[in-house]
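Enquirer: I would like the atomic coordinates for the input below:
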Amino acid sequence: MTTAKDAIDGVPGRFWHRLEDGRLQCDLCPRYCRLKDGQRGLCFVRGRAGDDILLTTYGRSSGFCIDPIEKKPLNHFLPGTPVLSFGTAGCNLTCKFCQNWDISKSREFDRLTDQASPRAIAEAARQTGCRSVAFTYNDPVIFHEYAVDTAIACREAGVKTVAVTAGYVCPAPRAEFYRHMDAANIDLKGFTDRFYHELASAHLQPVLDTLVYLKHETDVWFEITTLLIPGANDSDAELEEMTQWVVQALGPDVPLHFSAFHPDWKMRDTSPTPPATLKRARAIARKNGVRYAYTGNVHDEEGGSTWCHHCGACLIGRDWYELGTWTLTPDGRCQACGTPCAGVFEARAGDWGRRRARVPMEAFAGL
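Expert: Residues are numbered from 1 along each chain as shown. Just a heads-up that it's a prediction; the model follows:
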């Protein structure tokens, strides 16, 4: 928790209650920050002002860009289509290896120069041909109200929504949040509580609870990403345990992405992840029954492509974010053997490719 030097301003947040000692406890995530007047939670964007906990970044963003959906990464959700991506500031984890630290660790709200209402975001996505909007760059859990309102507006406009999140959230807000989402990528950072405690100041179990909830209580399509850090979470034993748990608890059809770490934030002295580590992790996952295992942040066409788990045919060929081979039938089956491929597919692949385009939100300011 931090004490603000200036007045806290924002929109009223939900999911909190008053304690007997007069403090207000935020019940959005398992940190349960207990705030006196003028204090902010660890995420920095939720703070107490009088008898309310306010969200200070509602309607404010660090920028809007059109990305390929595969960059989230989502390989089984509308492949090849463009997604309108944005984030705000702050985070409810303290990952020493954060790859987006300039956004997630930001305390300078004047950097949030783009302002947009939920309706404006939905309309911008519709007019630019984006099939979905992604809450990304920093964790949407902490801007819950803004994300939910935007998801509602998107659904009304026929646009889908994607949450890119660490899944560190309490049960009640989790249920409300995912009721409005169409897809998610959950960052499973490691598979030991020690890893979460030492490198993220968090715990593993709430993330596992989110994954189980998504699988068994919702229709949200989700995929999992693990950033493999040399010497921290890349041992054979941990990968064996994690991938076995995924198959047993979530089933074989949940895609796993193993991504390469590069030195950043507070782990600049740690070596980058060798490509061989990612290939080893993918092999372990496939051996343990994961049908769709991928490598990321490296050039690996085999590890980035989707293969039929029955006959081995290439269903979706990928070179970075460029799609090549497409041998799915209109109803999402392997053309060679008829086996279904799990995911959310259309009759044809999108052709957005690897482009990235900035979206000026000024044109939608009146909405």
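Enquirer: Got the domain ranges for the chain?
Expert: Per automatic domain parsing, the domain ranges recorded for the chain read 2-55, 60-357.
Enquirer: lowest-confidence stretch among those?
Expert: Per-segment mean pLDDT for those reaches its minimum on domain 2-55, at a mean of 91.
Enquirer: What is the distance between that one and the centre of its chain?
Expert: Its chain's average C-alpha position is 24 Å from that of domain 2-55, according to CA atoms, centre = their mean, to the nearest Å.
Enquirer: before we move on, what about stretch 144-154?
Expert: Its chain's C-alpha centre and that of stretch 144-154 lie 15 Å apart, by CA atoms, centre = their mean.
Enquirer: Just the C-alphas of that stretch, formatted as PDB.
Expert: This file holds the C-alpha atoms of stretch 144-154, laid out as PDB (Å, rounded to 0.1, in the frame of the first residue of the first chain):
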ATOM      1  CA  HIS A 144     -12.400  -4.200 -13.500                       C
ATOM      2  CA  GLU A 145     -15.200  -1.600 -13.800                       C
ATOM      3  CA  TYR A 146     -13.700  -0.100 -17.000                       C
ATOM      4  CA  ALA A 147     -13.100  -3.500 -18.600                       C
ATOM      5  CA  VAL A 148     -16.600  -4.800 -17.700                       C
ATOM      6  CA  ASP A 149     -18.300  -1.700 -19.000                       C
ATOM      7  CA  THR A 150     -16.300  -1.900 -22.200                       C
ATOM      8  CA  ALA A 151     -17.000  -5.500 -22.700                       C
ATOM      9  CA  ILE A 152     -20.800  -4.800 -22.400                       C
ATOM     10  CA  ALA A 153     -20.500  -2.100 -25.000                       C
ATOM     11  CA  CYS A 154     -18.500  -4.400 -27.300                       C
END
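Enquirer: Skip the chain neighbours and tell me the closest residue to A313.
Expert: Nearest residue to A313 in three dimensions, chain neighbours excluded: A336, at 4.3 Å (CB to CB, 6 or more residues apart in numbering). C-beta here means a position set from N, CA and C on the backbone, and glycine is covered the same way.
Enquirer: Surely that neighbour is in contact with L328?
Expert: No: in terms of CB atoms under 8 Å, A336 does not count as a neighbour of L328; the distance is 10.6 Å.
Enquirer: ok, back up a step: tell me which element the residue nearest to A313 is part of?
Expert: Assigned by DSSP states H and E, A336 belongs to no helix or strand.
Enquirer: Report how many residues lie close to it.
Expert: Residues contacting A336 under the criterion other CB atoms under 10 Å number 14.
Enquirer: Contacts only, for it.
Expert: Under the criterion of CB atoms under 8 Å, 6 or more residues apart in numbering, the contact list for A336 reads C308, C311, A313, T327.
Enquirer: if you set the cut-off to 10 Å instead, what comes out?
Expert: Applying CB atoms under 10 Å, 6 or more residues apart in numbering, we find A336 in contact with C308, H310, C311, G312, A313, C314, L315, T327.
Enquirer: Let me see the ranges of the helices in the stretch 251-367 of the chain.
Expert: Secondary structure of the stretch 251-367 of the chain, counting by DSSP state H, counting those that start in this stretch: helices at 275-287, 301-304.
Enquirer: Alright, that wraps it up for me.
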